[in-house]
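Chemist: fold the following.
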Amino acid sequence: MLQACRRPFMLLYIHFPFCRSKCAYCAFASGPGSREDIAAWTRLVCAEARLWGRRLAKPELQTVYLGGGTPSLLPPESLHRLVHTLQSAFVWPQGIEWTLEANPDSFQDPAYAKSLYDLGVNRISFGVQSMADRELDLLGRAHTAAQAVRAVTLAREAGVSNISLDLLWGLPGHTLTQWEHTLEQALALKPRHLSCYGLTPEPDTPLAGDLEARAIPPLPDEDMLTAMYDHTVDALGQFGLEQYEIANFAQPGWESQHNSGYWQGWPYLGLGPAAVSTLEGSRWTNPTHLAAYARAVTQQTLGQSAHQLTCRERCLETLMLQLRTRAGLDCSTFAREFGTDPLTACPELCAQLQNQRLADIAAGTLRLTSAGMLMANSITERLSSVLLPSH
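Modeler: Numbering: from 1, shown residues only. Next up, the predicted model:
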């Protein structure tokens, strides 16, 4: 059983699994929940927080992130109870990044926005996805573009200046002009941060079924997807939002500290159903369904199924995560941890990546260019095939 973190801090993620309705493309562990479900979730997550606070000797938090689902469905009294419990169970330094995910349709009340600010929420990530109502309908989103504008306005008026918007490109039938419209409308809201993801139809989702049945237009081809990605990088760069990860753009100094911690391999604890944790090289996932999660909390069996990550797994994950970022892969640090320097082990491949303008190498760091980031998965696979032979 884990006793304490060796590092003086950790990231904290809390998973709220409920939403008003399931979006057509969503494969996350989420779905509609009743008031009774939300009350039970609050009680159980508080109990889990106290459990880990005791087991880990009250570690210090580096960031707090409440994701989902739709955490903006949580009533203020439940949020207050949760925050009070977390501040008792862990060391919560003043002013750390404290993010709450929200959907625009559940963020239309000025009093609710103010209650979040009063609780210390200093970063809100809105699931906007598109600024065109027709596209929102296609995705099964519950909000309108006008509600997205109002939600951002209310958050800012309440005092939260660190606002991030999630957007999706590469929708069925999507054109470059349509994507340009969404970007222009989103930038007009002057967010500090944008996350722009290419849509990936997940198996067994309604969207995937509609695509297979040809009930909706097909996905854009590779040339169109590349054009959308290139336009995103250029347009956001001109607006002052720098690409610091494949899908993430921010004003300098406003990068997501929580997500950056994941990419840098910081330890993290996940609370709530389906939440994942990685501490001391061990990883586990909480039960997905509320009833099973409740049993695990009551019986205090959370974490007992932890898997000790192998050196190979950690090596591959480090490659995959760090090459996604503008900071890149520090090859000397990688060599100290895993015994192999990618620059000396793969000189021909590294030279090829440079010649093709897919990567830059400077001061022992391998960084993918914007063009290289679009091919990050294949580049990681090529590097790992040399650094991690299959035998």
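
Chemist: who touches the residue nearest the centre of the chain in this structure?
Modeler: Compute the mean C-alpha point of the chain, and by CA atoms, centre = their mean the closest residue is N259, 6.0 Å away. If you count contacts by CB atoms under 8 Å, 6 or more residues apart in numbering, N259 has them with 245, 248. For the C-beta atoms, the positions are set from N, CA and C on the backbone; glycine is no exception.

Chemist: just use 651 as the starting number from now, easier for me
Modeler: All right, first residue 651 from here; so that's N909.

Chemist: do a quick rundown of the strands in the stretch 701-850 of the chain.
Modeler: With strands called from DSSP state E, counting those that start in this stretch, the stretch 701-850 of the chain shows them at 710-718, 747-752, 773-779, 812-819, 843-848.

Chemist: dump those into CSV; add distance to L861 and mean neighbour count as well.
Modeler: Output for the strands of the stretch 701-850 of the chain, formatted as CSV (distance: least, CB to CB, whole Å; neighbours: other CB atoms under 10 Å):
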stretch, distance to L861, mean neighbour count
strand 710-718, 25, 22
strand 747-752, 26, 23
strand 773-779, 17, 26
strand 812-819, 15, 22
strand 843-848, 15, 20
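
Chemist: now those strands as TSV including mean pLDDT?
Modeler: Shown next, in TSV, are the strands of the stretch 701-850 of the chain (pLDDT from 0 to 100):
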stretch	mean pLDDT
strand 710-718	97
strand 747-752	98
strand 773-779	98
strand 812-819	98
strand 843-848	97
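
Chemist: for T975, which residues make a bridge with it?
Modeler: Note on T975: beta-bridge partners E895, judged by DSSP bridges.

Chemist: can you read off the pLDDT for it?
Modeler: T975 is assigned 97 on the pLDDT scale.

Chemist: I'd say it and W913 touch.
Modeler: Yes: at 5.2 Å, T975 counts as touching W913 under the criterion of CB atoms under 8 Å.

Chemist: so which of these two has more stuff around it?
Modeler: Set T975 next to W913 and count neighbours by other CB atoms under 10 Å: T975 wins out with 22 against 19.

Chemist: list residues touching both of T975 and W913?
Modeler: Common contact partners of T975 and W913 (CB under 8 Å, 6+ apart): E895.

Chemist: correct me if wrong, but the residue nearest to the centre of the chain is in a strand.
Modeler: No: the assignment for N909, made by DSSP: H, G, I helix; E, B strand; the rest coil, is helix rather than a strand.

Chemist: and it, how far is that from T850?
Modeler: Distance of N909 to T850, given as CB to CB, to the nearest Å: 18 Å.

Chemist: and if you look at S728?
Modeler: The gap separating S728 from T850 is 32 Å, by CB to CB.

Chemist: between the two, who's got more neighbours?
Modeler: When S728 and T850 are compared for neighbours, S728 comes out ahead with 19 against 12, by other CB under 10 Å.

Chemist: my read: that one touches I688, true?
Modeler: Yes: taking CB under 8 Å as the definition, S728 is a contact partner of I688 at 6.6 Å.

Chemist: okay, domains of the protein per the record?
Modeler: Using automatic domain parsing, the domains assigned to the chain come out as 659-913, 961-1037.

Chemist: can I get those in a markdown table including distance to E930?
Modeler: Shown next, in a markdown table, are these (distance: least, CB to CB, whole Å):
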| stretch | distance to E930 |
| --- | --- |
| domain 659-913 | 10 |
| domain 961-1037 | 12 |
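
Chemist: who wins for proximity to G920 among those domains?
Modeler: With CB to CB, the closest approach to G920 among these belongs to domain 659-913: 4.6 Å.

Chemist: got a pLDDT number for S680?
Modeler: With respect to pLDDT, S680 has a value of 74.

Chemist: also Q653?
Modeler: The per-residue pLDDT reported for Q653 equals 40.

Chemist: swap in D854?
Modeler: pLDDT, D854: 89.

Chemist: for it, grab the count of nearby residues.
Modeler: Neighbour count of D854, defined by other CB under 10 Å: 7.

Chemist: once you drop chain neighbours, what's closest to it?
Modeler: Of all residues not flanking D854 in the chain, A677 sits nearest, at 7.4 Å (CB to CB, 6 or more residues apart in numbering).

Chemist: thinking the one you found is in contact with T855, fair?
Modeler: Yes: the criterion here is CB under 8 Å, and A677 meets it with T855 at 5.6 Å.

Chemist: from M1025, how far out is E751?
Modeler: Applying CB to CB, the value for E751 to M1025 is 29 Å.

Chemist: then A798?
Modeler: Counting by CB to CB, the separation of A798 from M1025 is 32 Å.

Chemist: got it, and K672?
Modeler: Separation of K672 from M1025 (CB to CB) stands at 32 Å.

Chemist: now F678
Modeler: 26 Å.

Chemist: repeat that for L750.
Modeler: The spacing between L750 and M1025, counted by CB to CB, is 34 Å.

Chemist: helices along the stretch 851-1000 of the chain, start to end?
Modeler: Counting by DSSP state H, counting those that start in this stretch, the stretch 851-1000 of the chain has these helices, from start to end: 856-862, 872-889, 907-913, 940-949, 961-972, 981-988, 992-995, 997-1005.

Chemist: if I pick G719, what's in contact with it?
Modeler: Contacts for G719 (CB under 8 Å, 6+ apart) come out as 665-669, 678, 680, 751.

Chemist: please flag which of these sit within helices.
Modeler: Using DSSP state H, no member of the contacts of G719 sits in helices.

Chemist: of those residues, keep whichever come out buried.
Modeler: Neighbour counting with 16 or more other CB atoms under 10 Å marks 665-669, 680, 751 as buried within the contacts of G719.

Chemist: any chance of the residues you listed in JSON lines with distance to E830 as columns?
Modeler: Formatted as JSON lines, these follow (distance: CB to CB, whole Å):
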{"residue": "H665", "distance to E830": "34"}
{"residue": "F666", "distance to E830": "33"}
{"residue": "P667", "distance to E830": "35"}
{"residue": "F668", "distance to E830": "34"}
{"residue": "C669", "distance to E830": "29"}
{"residue": "S680", "distance to E830": "30"}
{"residue": "E751", "distance to E830": "26"}
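
Chemist: that'll do, ta.
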